[in-house]
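Engineer: quick one, what's the 3D model for this:
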Amino acid sequence: MSFLLPALPYSYGALAGRGMCQETLELHHGKHHQAYVSALNALVEKNEALQGKALEQLITLSHGRPDLAPVFNNAGQHWNHSFFWQSLAAEQGGIVPAALARKLDADFGGVDEFKAQFKAAALGQFGSGWAWLILAKNGRLEVTKTPNAGTPLATGEGRPLLVLDVWEHAYYVDFRNRRPDFTDNFLNRLANYEFAAANLQSA
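Structural biologist: So this is what the prediction gives:
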């Protein structure tokens, strides 16, 4: 069974008033993400040992294996992007639900401190990668970052709750090289904290 590009949970133009224009989503989802899906399908088709495995299985199986680096890169990017689309909100973006706010208060000392740490991770990721809010194994919320196609699924450090794509293709149309502005816009206007709260509750 081939992997498929997931439909966005909103239209291509739904985030235009919040700092992510239709062109960005058309290129990012329709071109970049689709390319990872197509490449992954081609790799799996050529390797019988990979066929029939779930996306998460491919990520953990290929992690740290140079011979399967292309599989890891494309599987990780497919999973990360699929999670990223859910981390954006066409409505109620940037609004933190009360239950999540209480957990952020307990583990970070407040929503603002969480945002400061998340922004530091996003800006501190040299080159391409991702900034994450995760539920760590110790039960506390933590901020982490991963390079390139890296994902907490591969390292097992915690359960992802929210993610920001800091590859340049995620923000260059809207913000050019201003990653700090892109990150602020995400945290305050686009972040789907309801999605993060639901992931936390299900964990």
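
Engineer: what sits against the closest residue to Lys115 other than its chain neighbours?
Structural biologist: Leaving aside its chain neighbours, Lys115 sits nearest to Leu187 (4.9 Å; criterion: Cβ to Cβ, 6 or more residues apart in numbering). For every residue, glycine as well, the C-beta is placed using N, CA and C. Taking Cβ atoms under 8 Å, 6 or more residues apart in numbering, we find Leu187 in contact with Gly94, Lys115, Phe118, Lys119.

Engineer: on the pLDDT front, check the residue nearest to Thr24 when sequence neighbours are not counted for me.
Structural biologist: Closest residue in space to Thr24, ignoring its immediate chain neighbours: Val173 at 4.6 Å, by Cβ to Cβ, 6+ apart. pLDDT recorded at Val173 is 98.

Engineer: over to Met1?
Structural biologist: Met1 is assigned a predicted lDDT (pLDDT) of 72.

Engineer: next one: the one 4 residues further on
Structural biologist: pLDDT recorded at Leu5 is 98.

Engineer: my guess is it contacts Lys31. True?
Structural biologist: No: in terms of Cβ atoms under 8 Å, Leu5 does not count as a neighbour of Lys31; the distance is 10.4 Å.

Engineer: can you pull up the bridge partners for Ala191?
Structural biologist: Leu88 (DSSP bridges).

Engineer: which stretches of this structure form helices?
Structural biologist: Assigned helices in the chain, in chain order: 22-27, 34-45, 55-62, 69-86, 98-108, 111-124, 152-155, 172-175, 179-185, 193-202 (criterion: DSSP state H).
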